[in-house]
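Student: need a structure here:
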Amino acid sequence: MDAAPNCAICNAPPYPECPCEAERLQIAVKQAEHRAMEEQLTEIRDWVISHARQHILNQFERLTTTRKAQHSAYLATLPNYTVYMQYSGHPPIHAIYIENLQRQIAEAHAELKRGIDADWRASVLRYPDVLDYFYSLVQLRIPDERSPQVVEPPFAAAGYADRGFASQIAKEKKKKRRDSSLAPPERGMHMDEPPMHAVLGRVRGPPAAPTPPLAGGISAFAIYTHAYLDRDNLPASTPSASREPRVAYHLDLHSARHTAAMDKKSGAYGGATGGGDTDFRKTFDREKYALLAKEREQREREEGKARYEAKQEGRSYRRRASTPEDLRMAEVRTSRVDVASLVGKTMLVPAGSGVGKRGKSAGFYCEACDITLRDSPSWIEHLNSKQHLGNTGQSMDVRRATLDEVRERLRYLSRKRREAMQKEELDLDKRLDQRREEEDKEREAKRQKRNEKRRAKKDAWDEF
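Tutor: Residues are numbered from 1 along each chain as shown. Just a heads-up that it's a prediction; the model follows:
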């Protein structure tokens, strides 16, 4: 007799071995490790990271404190530095000494900044060693093999026999029958009537008679009332079976009305139940506000840095005024300004249209600034002015060209030059012919001019 058990997963015979149990065991082990170690690993990781970060920050603070003390001591040794700080950067001394002192202060600040960057880089590069050290302080202990918790776990006393799923179902059914027999009868029902479920319209025991269809124009309440009144008007010879479904009419109609109301899933005011209609509530875009918070922190960090640098240089910090969101950098003109098109032209201007430079009048009119300029130099100067650039949505800043753009521009100029040289080589004969024609035209113009002067001189002598 083979006493080897079958597979507990698929009930396969013991030979050959079924891989189901091994696979399920691996899954169970992974799940148990996840449940048992996830929380501990998270706690250990948070503890190690917090202590390592605090250690790095403390080390960096010690280095920077020493460096800043040396920096302040060096500044105190500079000539006229005390007077310079006393007068907030405007001491009553010669400009040459002020310029020399400012140059020395700037060099000292630059050296301090390079030292702080080097200290921070050295501190951050120690993170792997610091993390290894703090992780080495964490200890995981395995219990003793002879420990009572290992020898006899708490669930071993109840036994490992599988009592089956059918016994549990039988217990639940038995409990339901006991509860239904002890429950008091509902109002309007007798003990001998079968219990009914008012919401779902189901009858325990034999099924009830089907509900007749609703006639057009008759409400469910009318049919229920009619059926209930006819119940007492039935003759005595009517069998009891025909009396039984009368109550089912009421219950079926009530359940149908309730089921229809449940299918609509509407609230007391016509909206959706369960909080579905929440369009009136204010919602927040978490990603948007997180991005705004990061931008605000970046601005505050930059402002703090600017304040610190201003304080080190001995001047007061003034926050830069905010610029419009649609402000763009100054753009180069793609075409030449046409100032010669108005030469020799007459303009009709209504009386009182312009007062001084304001308003549209005769001359060069700017729609963005609503002013009129009389001559071309002032017009060109206005186009480059701060007032015009601000009214057209441009700032005085010019975008700094990148290295790739400079290289591309140099390639373009070189290519353009090569093309011009190739064109000269290919069209040399044609250009020589053009030059000859131009020289002939010049000679002819000079000859005509000499002839006109001779004729004018001759006519003058004739008149004399």
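Student: Count the neighbours of the residue nearest to residue 82 when sequence neighbours are not counted for me.
Tutor: Distances taken as C-beta to C-beta, 6 or more residues apart in numbering place residue 76 nearest to residue 82, at 7.6 Å, with adjacent residues excluded. No exception for glycine: its C-beta is placed from N, CA and C like everyone else's. A count of nearby residues for residue 76, using other C-beta atoms under 10 Å, gives 10.
Student: Low-confidence stretches in the stretch 151-300 of the chain?
Tutor: The model of the stretch 151-300 of the chain has pLDDT under 70 over residues 155-281.
Student: Around residue 44, how many other residues sit close by?
Tutor: For residue 44, using other C-beta under 10 Å, the count is 15.
Student: Can you classify the closest residue to it other than its chain neighbours as helix, strand or coil?
Tutor: Once flanking residues are discounted, residue 44 sits nearest to residue 138: 5.4 Å by C-beta to C-beta, 6+ apart. Under DSSP: H, G, I helix; E, B strand; the rest coil, residue 138 falls in the coil class.
Student: ditto for the one 4 residues further on
Tutor: Following three-state DSSP, the label given to residue 142 is coil.
Student: quick one: it and residue 150, what's the gap?
Tutor: 10 Å (C-beta to C-beta, to the nearest Å).
Student: who's more crowded, those two?
Tutor: residue 150 (11 against 6).
Student: confidence score at that one?
Tutor: The score at residue 150 is 79. That number is its pLDDT.
Student: Wasn't it part of a helix?
Tutor: Yes: according to three-state DSSP, residue 150 belongs to a helix.
Student: How about the contacts made by it?
Tutor: Applying C-beta atoms under 8 Å, 6 or more residues apart in numbering, we find residue 150 in contact with 143, 144.
Student: one more time with 10 Å
Tutor: 142, 143, 144 (C-beta atoms under 10 Å, 6 or more residues apart in numbering).
Student: ok, now residue 332?
Tutor: 398, 399.
Student: Recalculate using a threshold of 7 Å.
Tutor: Residue 332 makes contact with no residue under the criterion C-beta atoms under 7 Å, 6 or more residues apart in numbering.
Student: where does it land in three-state SS?
Tutor: coil.
Student: Let me see the confidence value for residue 323.
Tutor: 55.
Student: whoops, I mixed them up, residue 108
Tutor: 91.
Student: so it touches residue 71, yeah?
Tutor: Yes: counting by C-beta atoms under 7 Å, residue 108 touches residue 71, with 6.3 Å between them.
Student: one step back: now tabulate the contacts of residue 150 in CSV and tack on pLDDT and distance to residue 297.
Tutor: Converted to CSV, the contacts of residue 150 look like this (pLDDT from 0 to 100; distance: C-beta to C-beta, whole Å):
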residue, pLDDT, distance to residue 297
142, 82, 46
143, 82, 48
144, 83, 52
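Student: Output those residues in CSV; the columns should cover distance to residue 400.
Tutor: Listed next are these as CSV, based on distance: C-beta to C-beta, whole Å:
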residue, distance to residue 400
142, 63
143, 67
144, 71
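Student: now, which of those sits nearest residue 365?
Tutor: Ranked by distance to residue 365 (C-beta to C-beta), the contacts of residue 150 are led by residue 142 at 90.4 Å.
Student: Against which helices or strands is whichever helix or strand residue 439 is part of packed?
Tutor: Secondary structure assigned from DSSP states H and E places residue 439 in helix 428-463. Helices and strands touching helix 428-463, by 3 or more C-beta pairs under 7 Å, 6 or more residues apart in numbering; DSSP states H and E: there are none.
Student: Give me the mean pLDDT for it.
Tutor: If you average the pLDDT values across helix 428-463, you get 87.
Student: What are the buried residues along it?
Tutor: Residues of helix 428-463 classed as buried by neighbour count (16 or more other C-beta atoms under 10 Å): none.
Student: quick one: average confidence on the lengthiest helix in the chain?
Tutor: Assignment by DSSP state H gives helix 20-77 as the longest helix of the chain. Helix 20-77 carries an average pLDDT of 88.
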